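**Q** just a sequence and a predicted model for now, questions to come.
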Amino acid sequence: MKITGMRIHPILIPLRKPFVTSLGSKYQHDGVLVKIETDENVFGWGEAAPSKNITKETQESVIKSLNEIKPLIVGENPFEVEKIMDKINYVFGPSAKASVDIALHDIFGKKIGLPLKNVFGDDKKEIRTSITVSIGKVEDAVKEAVKIVDSGGRNIKLKIGLKPDEDIEKIKKIRESIGYEPRIRVDANQGYSVETAIKTLREMERYEIEFVEQPLNAKDIDGMRMVRNNVSIPVMADESVHTPGDAVNIVKNDAADMINIKIMKSGLSNALKIADICSAAGIICMVGCMIETKIGVTAGTHLALGKRIIRFADLDGHLDLKFDPTINGVRTEKGVNKVGDDAGLGLDVD
């Protein structure tokens, strides 16, 4: 089997409402879909979800990177994923390369007749995802949390990191409204200093927070360890981990209790390696996402279902889109993600 071509499809999809974090606001998904074709009429879909703040990409830079990658992979055997990813490694763009990585795995699964969840280990049949409440007014956050719980969701992820006192007030009001059965996790997206993180998270401890994602700047590994050692809420590294080497660094420095794996940061091949590093170190993982179509979220769901060390999911980015061109793929019902038994990713694009 040989790769014969790669089609690049830019997309622009409005969001249902603005998505606001401590890193900024997002109003639309300006991503890129990729279709890799072969001489056996087996094709694979992938997706790039660029982020100026996290992957340092734009839609334009992704397209440029993919046009650079295309001649490098045509003629290659799509089964030789590691060889291909090494060959294109020098090209700029984490999510651009991730889209190729996802598509190659889709081809692999289709060719051998297995869904990727089975290829990755087939550990579980479904996984509960958190549903995200972005930064906004206290009363709006409470209404959104109540809406999530009323619709069957049981894991709420609250974006924090801009106004610590308001962050605490939101948690308090949300707990008063939904009680203590639903789980709440928080994500500061690098918004706090060490001192502010320790003070704020100690105030939040009484509200039974499941864990906090990336309280500090991604490069402040020593600070992450300090926060971890001074609060009872488990600390999860997110933006601090893009590569397997980053995961090793977190482990060596005891800087986090958990790691959030995102395919758009690392690619699918490296995501599997990060999961294995965490498994060896006994560090529980979550699979997260950006704002993505069901292509990216389906890939993340297959990964989460396949690996035992992945206990948590934040795979709700597709729910923010006004429309999605993906046919089939992940199903999210009452906060639970499932995929079918079709080979590969189990999806197509309209």
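**A** Received it, and whenever you're ready, just let me know what you need.

**Q** every contact and neighbour count from this point should use C-alpha atoms.
**A** Fine.

**Q** domains for this protein, by residue range?
**A** 3-113, 118-349 (automatic domain parsing).

**Q** now the ones you listed as TSV including mean pLDDT and mean neighbour count?
**A** Below are the domains of the chain laid out as TSV (pLDDT from 0 to 100; neighbours: other Cα atoms under 10 Å):
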stretch	mean pLDDT	mean neighbour count
domain 3-113	97	19
domain 118-349	98	20
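
**Q** contacts only, for Lys170.
**A** Taking Cα atoms under 8 Å, 6 or more residues apart in numbering, we find Lys170 in contact with 138-139, 141-142.

**Q** let me know the secondary structure of Tyr192.
**A** Under the three-state scheme (DSSP: H, G, I helix; E, B strand; the rest coil), Tyr192 adopts coil.

**Q** phi, psi of it?
**A** The phi/psi pair for Tyr192 (degrees, to the nearest 10) reads phi -100, psi 160.

**Q** so who does it touch?
**A** Residues in contact with Tyr192 (Cα under 8 Å, 6+ apart) are 161-162, 215-217.

**Q** need these in TSV with secondary structure and distance to Ser151, can you?
**A** Shown next, in TSV, are the contacts of Tyr192 (DSSP: H, G, I helix; E, B strand; the rest coil; distance: Cα to Cα, whole Å):
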residue	secondary structure	distance to Ser151
Gly161	coil	27
Leu162	coil	28
Pro215	coil	29
Leu216	coil	32
Asn217	coil	34
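
**Q** in TSV, list those residues along with distance to Lys117.
**A** As requested, the contacts of Tyr192 are exported to TSV (distance: Cα to Cα, whole Å):
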residue	distance to Lys117
Gly161	34
Leu162	37
Pro215	31
Leu216	33
Asn217	33
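
**Q** what's the farthest-apart pair in the residues you listed?
**A** Leu162 and Asn217 (13.2 Å; Cα to Cα).

**Q** about what we covered before: and of the contacts of Lys170, the nearest to Asp257?
**A** Nearest to Asp257, judged by Cα to Cα, of the contacts of Lys170 is Ala141 at 27.0 Å.

**Q** in a helix, the closest one, correct?
**A** Yes. Ala141 sits within a helix when classified using three-state DSSP.

**Q** state the distance from it to Ile148.
**A** 11 Å (Cα to Cα, to the nearest Å).

**Q** the stretch 151-300 of the chain: strands as residue ranges?
**A** Remark: strands assigned in the stretch 151-300 of the chain by DSSP state E, counting those that start in this stretch are 155-159, 183-187, 209-213, 235-237, 258-262, 284-288.

**Q** and the ones you listed: which comes nearest Val81?
**A** The minimum distance between Val81 and those falls on strand 258-262, with 18.6 Å, by Cα to Cα.

**Q** tell me what that closest one is packed against?
**A** Counting contacts by 3 or more Cα pairs under 8 Å, 6 or more residues apart in numbering; DSSP states H and E, strand 258-262 packs against strand 235-237, helix 268-281, strand 284-288.

**Q** the inter-axis angle of the longest helix along the chain versus helix 268-281?
**A** Determined from DSSP state H, the single longest helix within the chain is helix 94-112. Per axes from the mean of the first three to the mean of the last three Cα atoms, to 10 degrees, the angle that helix 94-112 makes with helix 268-281 is 90 degrees.

**Q** now helix 94-112: how far from the chain's centre is it?
**A** Helix 94-112 sits 16 Å away from the centroid of its parent chain (Cα atoms, centre = their mean, to the nearest Å).

**Q** what does it rub up against?
**A** Outside helix 94-112, the residues that touch it by Cα under 8 Å, 6+ apart are 33-36, 42-50, 55, 57, 62-63, 65-66, 78-79, 81, 85, 88-89, 115-116, 119, 263-269, 299, 343-345.

**Q** out of the residues you listed, which are inside helices?
**A** Mapping those onto helices (DSSP H) picks out 62-63, 65-66, 81, 85, 116, 119, 263-266, 268-269, 299.

**Q** identify the farthest-apart pair in those.
**A** Using Cα to Cα, the pair of the ones in helices among the contacts of helix 94-112 lying farthest apart is Ile63 and Val119, separated by 29.4 Å.

**Q** can you put the helices and strands packed on strand 258-262 in JSON lines and add distance to Arg206?
**A** Converted to JSON lines, the helices and strands packed on strand 258-262 look like this (distance: least, Cα to Cα, whole Å):
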{"stretch": "strand 235-237", "distance to Arg206": "16"}
{"stretch": "helix 268-281", "distance to Arg206": "29"}
{"stretch": "strand 284-288", "distance to Arg206": "23"}
